[in-house]
Structure formats: C-alpha cells, structure tokens
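Colleague: Fold the following for me, if possible:
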Amino acid sequence: MIQKKGHVFCSFFILTTATIIDTVQAGNNGLKKCGQTGEFCGRGPNRKDCCSGYHCNIAPDDSYAYCEKDVVVTCGTDGEFCGRGPNRKDCCSGYHCNIAPDDSYAYCEKDVVVTCGTGGEFCGRGPNRKDCCSGYHCNIAPDDTYAYCEKDTTVTCGTDGEFCGRGPSRKDCCSGYHCNIAPDDTYAYCEKDVVVTCGTDGEFCGRGPNRKDCCSGYHCNIAPDDTYAYCEKDTTVTCGTDGEFCGRGPSRKDCCSGYHCNIAPDDTYAYCEKDVVVTCGTDGEFCGRGPSRKDCCSGYHCNIAPDDRYAYCEKDTTVTCGTDGEFCGRGPSRKDCCSGYRCNIAPDDSYAFCEKDKATPYKNSHQINVSSLRELLQSLLRLCASKNNCSSKKCRQSDASVKLN
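Modeller: Numbering: from 1, shown residues only. Presented below is the predicted three-dimensional model:
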C-alpha cells in the first residue's frame, strides 16, 4: 500500500512538472526577440530594437539600417579610471595610469614618446637601450651591473658644506671629503676628511714601512707568529649591553647604541636588551633608488610613481574571491567566484575555473531556463525513485514518458 502511494506521488509530480516545462517553453517561443547582427532596425512593421551589446547602424539616407555588434574596449584610454575598485581598467598600450599620492584621482593618459633617456632609464647594451638626452649622461658600473641615465651637474662632486643627503639637488662628496649625515636626517653635508697619522680599526701596526702606531684608545693586536697585526679599539665600555642594569641607583648604566632599557612597571627589573632590527620596509618606508632604500616586507609591495616622484611600501590588498581563470574546484587552494562570475566546472572535474557571467540577449530577465529545469527534474526523479523503491517496469515507463523539448 505504501509503494502504491509513493507511485501515485511520483506520477503526479512528473505530470505537474512536465506541464510547467511545456508552458514555459511555449512562453519562450512566443517572446519577441531583439535584433542581432544584420537584422533590420529601421522604420516599418518588421523592425526590431537591437539587443544589448548591439547598436543600429543607419545610413544618412535611410538606404540601410541593421544591427551590428558594439566594439568592446577592455582597456582604458584618455581619462578612464585605472585606480582601485571593480570598475577599474588597465590602461591600453601607449597609455599609463596617472595616480595621485593620496589616491584622490587615478586616470589613463597618453604616454609622452621620448626617444632619448632621462633619469633612471637604461643606457647600457641591448635592444632596449636609449641614448641619454641632452643634459644627462650614462652612469655605467665597471662590471656592467647597472647602466642608467642621470642628470648632469655643473660641479659633479661636493666640497665643504654642500648637501649630500636625499633629493634632486644632492651631490656625492669629492675625494678627500665625506658625507656627515644626522641619524634623523636633519642634516647631511660634505666635510673634509681628517688626516689621521695613527692607526684605528684594522690598520696595520706590525713590522714594515707602512705600519702605524695605534691611536689613543686603540691597541695593537699582534699574532704570536706575526701572521697578523692590526689596531683594535680598547674594550673600556661605559654603556650597558645585554642584561646590564639600567634602572635607578649608583651602579646603573645607560644602554649602548643598538640596545634599549627593558623596565618593569613596578621597577622589579630594569636591564638592557638588544633592539630588534627590521631590515625590510613596512607602511610608508622608502623603497626607491638610493643608499637608504629598503626592500618591502612580505605582504607589502613598492608603490613607485611613473616619474619617480615617490616610492614607498604599502600593504598588499588581499582578494579572497576568484576572478577570470582562478581555480574554483575541489581542494585547499580553491576560491569562491566573485560577484559577476560563475564557476565553469567540467563534468569529469578535469577543470574548474571562474569566468564572467554572460548577460542574456533577451529583454525579459525573468525567463526560466528550460535546460536547468530539465536537469532539476531528472535529479528529482532519481531521488523520488530511490526513496519510494520505484524500480518497477511501470515506474521506469512513467519516467521515460516525460518529454523534455
């Protein structure tokens, strides 16, 4: 008796669903389609409005009027947005993205074609080289590790008091001078080297015509077999290193350079410990050209202006959903496809990737996809048969009797 009830339910469900599909199919066939390539869109009873993605090409004298496909330009030209966001475009070839330092604007603009090289452009050997423009010269390393154009200066090196820090007006100090730079960059100027006749760190103090007596505060470290003899600094240390007391009292020490004082809130301990040196750059740190640059830390990238006006580290933007071509199948590296994308999966799982949704060419966005209903019906039939033991010849005939046109 239970099997008969299940069979009656299956037959009722099959007939009802088939009726819905036939009705939807008839409705779809009855819809008036829009015009695609070559279809008439002029004046008269047979005209069609062109579909989305098409436009009507009409002759000035009305001798023709037909639908033709819009030309889709996926890259950006003059004034198109190229910053951050879903509506951005990569600039077309021959254009670059002009981005404000504070992100207040970002738009494509045409490249200025310069056939000669200016600041930082390659001037070495190879097909991509440029001769440096007037007012620039090619700075080439002796071992060819770099070769770039840099601006000429009337005086190429700096003497007493000339600026040797960061910026376009800096000078390398002349021979016999060195750059005196403040730790906080408040000053940087050239000053004359001090001629020292006594020996400091590493200078030879052994036997021979080139030896030096070690300066005050240094001693000569000589090997028993004379294999080395060099000056090294005396080990009188007045500042504190690892574990030395830096709290309150007569025996305290200020911590040495490269160390800081770790003090308990209740003063139960106070000792010097080594500073943690971070060699890579995080938010806002300089990553351009020069001796003080840093490579950006993991999770950061270097934001460099096209004209080298700025170069600083900024945090990577993490995108958790998948766009064109990203894997959306089974596994730890899969991503759910972003809004506006769908997962294209092979029946045998040989591929699974995100691709952009395709818009329907019809104006009615509420049409039902008959193919999808067909697949749904077949799945429900299998489920119904398994739950109601519908394995008899009669049940299979009912299944096969549904026509899905």
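Colleague: Low-confidence ranges, the stretch 51-200 of the chain, go.
Modeller: Applying pLDDT under 70 to the stretch 51-200 of the chain flags residues 153-155.
Colleague: residues of stretch 105-125 that come out buried?
Modeller: 106-109, 117-118, 121, 123 (16 or more other C-beta atoms under 10 Å). Just so you know, the C-beta spots here come from the backbone N, C-alpha and C atoms, and that holds for glycine as well.
Colleague: Actually, stretch 338-352.
Modeller: Neighbour-count burial for stretch 338-352, counted by 16+ other C-beta under 10 Å, picks out 338, 341, 343, 352.
Colleague: Please verify my assumption that the second one contacts residue 323.
Modeller: This means residue 341. Yes - using C-beta atoms under 8 Å, residue 341 is in contact with residue 323, at 6.1 Å.
Colleague: who touches both of these two?
Modeller: Residues touching both residue 341 and residue 323 (C-beta atoms under 8 Å, 6 or more residues apart in numbering): residue 354.
Colleague: Of all residues in this protein, which one is nearest the centre?
Modeller: Centroid check for the chain by C-alpha atoms, centre = their mean gives residue 316 as the closest residue, at 6.1 Å.
Colleague: Check what pLDDT that residue gets.
Modeller: Here, the pLDDT recorded for residue 316 equals 86.
Colleague: Return the residues in contact with it.
Modeller: Here residue 316 is in contact with 299-301 (C-beta under 8 Å, 6+ apart).
Colleague: Could you pull up phi and psi at it?
Modeller: Note on residue 316: its backbone torsions stand at phi -60, psi 150 [degrees, to the nearest 10].
Colleague: Now do the buried residues in stretch 139-148.
Modeller: Under 16+ other C-beta under 10 Å, the buried positions of stretch 139-148 are 147-148.
Colleague: ugh, wrong one, I meant stretch 67-86
Modeller: 67-68, 76, 80, 82-83.
Colleague: what sits up against it?
Modeller: Contacts for stretch 67-86 (C-beta under 8 Å, 6+ apart): 35-39, 41, 48, 50-51, 53-57, 87-93, 95, 97, 99, 103, 105-110, 317, 340.
Colleague: so which strand or helix has residue 179?
Modeller: For residue 179, the element it lies in under DSSP states H and E is strand 177-181.
Colleague: got the contact list for that strand?
Modeller: Contact with strand 177-181 is made by 157-160, 164-165, 172-173, 187-193, as judged by C-beta under 8 Å, 6+ apart.
Colleague: Can you flag which of those residues belong to strands?
Modeller: With DSSP state E as the criterion, strands contain 157-158, 172-173, 188-192 from among the contacts of strand 177-181.
Colleague: ok, of those, which come out buried?
Modeller: Neighbour-count burial (16+ other C-beta under 10 Å) applied to the ones in strands among the contacts of strand 177-181 gives 158, 173, 188-191.
Colleague: Direction included, what does the strand holding residue 179 pair against?
Modeller: strand 188-192 (antiparallel) (DSSP bridges).
Colleague: picking up where we left off before, let me know the closest of the contacts of strand 177-181 to residue 329.
Modeller: The closest of these to residue 329 turns out to be residue 165 (C-beta to C-beta; 54.6 Å).
Colleague: Going along the chain, name the strands of the stretch 301-405 of the chain.
Modeller: Taking DSSP state E, counting those that start in this stretch to define them, one finds strands in the stretch 301-405 of the chain at 311-315, 341-345, 352-356.
Colleague: and those as a markdown table, adding distance to residue 266?
Modeller: Converted to a markdown table, these look like this (distance: least, C-beta to C-beta, whole Å):
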| stretch | distance to residue 266 |
| --- | --- |
| strand 311-315 | 37 |
| strand 341-345 | 58 |
| strand 352-356 | 57 |
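Colleague: For residue 218, which of these is the nearest?
Modeller: Taking C-beta to C-beta, strand 311-315 is the member of those nearest to residue 218, at 40.6 Å.
Colleague: Output that closest one as CSV, restricted to C-alpha atoms.
Modeller: What follows is strand 311-315, C-alpha atoms only, in CSV (Å, rounded to 0.1, in the frame of the first residue of the first chain):
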residue,chain,number,x,y,z
ALA,A,311,58.4,55.2,-3.9
TYR,A,312,57.1,53.8,-0.7
CYS,A,313,55.9,50.4,0.8
GLU,A,314,52.2,49.8,1.1
LYS,A,315,50.2,46.8,2.3
